[in-house]
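# Attaching a predicted model along with its sequence, questions to come.
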Amino acid sequence: MPYSIRDIAGALGASALGNADLTVTAPSEPAAAGPGHLALAMDPKYADGLKAGQARAAIVWDGADWAALGLEAAIIVPRPRYALSGLTQLMDPGPEIAPGQHPTAVVDPTAQIGAGAAIGPFVVIGRGARIGARARIGPHVTIGAEAEIGEDALLLEGAKIGARVVIGHRLIAQPGAVVGSDGFSFVTPEKSSAERTRESLGTGGGLGAPVGPQSWTRIHSLGAVEIGDDVEIGANTAIDRGTIRATRIGRGTKIDNLVHIGHNVEVGSDCLICGQVGIAGSARIGDRVVMGGQCGVSDNIFVGDDVVAGGATKMFSNVPAGRMVLGSPAMKMDAQIEATKNLRRLPRLFREVKALQKAVSKPGEND
């Protein structure tokens, strides 16, 4: 559908300049923009792209001479990337899930479905489940017995919500997300090789005689998962249920694709957890923590509020609140960067040391 520049500016809380009645149908990169596009030229570096494209309207940087750039209309925003969030929300039509219940859906008679909910094809909703008002549930979603999902939830294709899971309002679960899978918890009748190695730290002192055959016995997961309001869960992410108490995810936390959150983990509010992060069982994560892609958190440790962990950081011990960390094992970010620089200097240092050793041990050869 077309959007006027006036309507877009109003949605963004910004000012419309020039022909505010001009309409556009979609955003575009400046150089690829056609006459019906809204070019996203939010930085002076995109000026050449605007000249190369055919856009008549654009979101431009503060102070841009939009008329000189050949535009008929412009929108100026103080924080461009934040404006992008509002623009994409305005123009995103969302998934097509027809109102009501699709005839192929299987909904237990004891389930409670809120007003205005939309339930797509081949959805299965178990005994005693409660679905909030205006929830949208895509094809092949499964919701287990006695699960609770709040209002305005969006569950996309193939998402799986386990039994007794409790989720707040406005959840977004991307395709294939699994909430409430069993925790990975096994024990042996005698101390296992893993336990002995952990006690001895690999020195061998705790191993003694060979372990011999050992059978792993499942510890069943009796807990559930509790998730606050406004949480997003990425595609193919798995959040395990707790062993006794619930695994918990705080309000406003956003979880990327392919993340694994183990049993009994507690994640605080407004965290950002990027792709391929793994958080081991019983770890506790504070509020507003940011973890870059492929971060790892060991079991039973605490990561404090406002920690920022760069990509691939491995946290094997507690991380104090407010710390910025990087590397494996995690170090203060500035210390890790310096250590990496020093590592790169090692070959040259070895050559210099070797030359000094030669000069000291065989001084005559340098005469």
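Noted; the coordinates are in hand.
# Compute the number of surrounding residues for Glu226.
20 (other C-beta atoms under 10 Å). In short, each C-beta sits where N, CA and C put it, glycine included.
# Parallel or antiparallel, list what pairs with the strand or helix carrying it.
With elements taken from DSSP states H and E, the one containing Glu226 is strand 225-227. Sheet pairing of strand 225-227 (DSSP bridges) gives strand 166-167 (parallel), strand 247-249 (parallel).
# hmm, who's touching it?
162, 165-168, 171, 179-180, 239-242, 246-249 (C-beta atoms under 8 Å, 6 or more residues apart in numbering).
# mind redoing it with 10 Å?
Contact with strand 225-227 is made by 147-150, 161-162, 164-168, 171, 173, 179-181, 233, 239-242, 245-251, 253, 255, 261, 263, 265-267, as judged by C-beta atoms under 10 Å, 6 or more residues apart in numbering.
# related to what we said a few turns ago, Leu201: which of the strands paired with strand 225-227 is closest?
Ranking the strands paired with strand 225-227 by distance to Leu201, with C-beta to C-beta as the measure, places strand 247-249 first at 28.6 Å.
# what's the next secondary structure element after the closest one?
The C-terminal neighbour of strand 247-249 among helices and strands, as given by DSSP H and E, is strand 254-255.
# What is the distance between the strand holding Glu226 and the centre of its chain?
Taking C-alpha atoms, centre = their mean, to the nearest Å, one finds the center of strand 225-227 at 16 Å from the center of the full chain.
# neighbouring strands for the helix or strand following it, and are they parallel or not?
Using DSSP H and E, the next helix or strand after strand 225-227 towards the C-terminus is strand 232-233. Strand 232-233 pairs in its sheet with strand 172-173 (parallel), strand 254-255 (parallel), by DSSP bridges.
# how about Gly228, phi and psi?
The phi and psi values for Gly228, taken as degrees, to the nearest 10, are phi -80, psi -170.
# swap that for Val231, please
Comment: the main-chain dihedrals of Val231 come out as phi -100, psi 140, following degrees, to the nearest 10.
# Do I have it right that it meets Ile261?
No. In this structure, Val231 is not within contact of Ile261 by C-beta atoms under 10 Å, at 11.6 Å.
# Find residues that contact each of these two.
Counting by C-beta under 10 Å, 6+ apart, the residues touching both Val231 and Ile261 are Val179, Ile249, Ile255, Val267.
# from these, which is closest to Leu84?
Out of the shared contacts of Val231 and Ile261, the one with the shortest distance to Leu84 is Ile255. That distance is 20.8 Å, counting by C-beta to C-beta.
# can you count the residues close to that closest one?
When neighbours are counted by other C-beta under 10 Å, Ile255 comes out with 26.
# Below-threshold pLDDT in the stretch 201-350 of the chain: ranges please.
Flagging of the stretch 201-350 of the chain using pLDDT under 70 yields the residue ranges 204-211.
# For the longest helix seen in the chain, list every residue counted as buried.
Counting residues, the longest helix in the chain under DSSP state H turns out to be helix 333-361. Of all the residues in helix 333-361, those buried under the rule 16 or more other C-beta atoms under 10 Å are Met333, Gln336.
# Could you list every helix and strand that it packs against?
Here helix 333-361 is seen to pack against strand 324-326, strand 331-332 when contacts are counted using 3 or more C-beta pairs under 10 Å, 6 or more residues apart in numbering; DSSP states H and E.
# and those strands, which is most packed in?
Sort the helices and strands packed on helix 333-361 by mean neighbour count, taking mean count of other C-beta atoms under 10 Å, and strand 324-326 sits at the top with a mean of 21.
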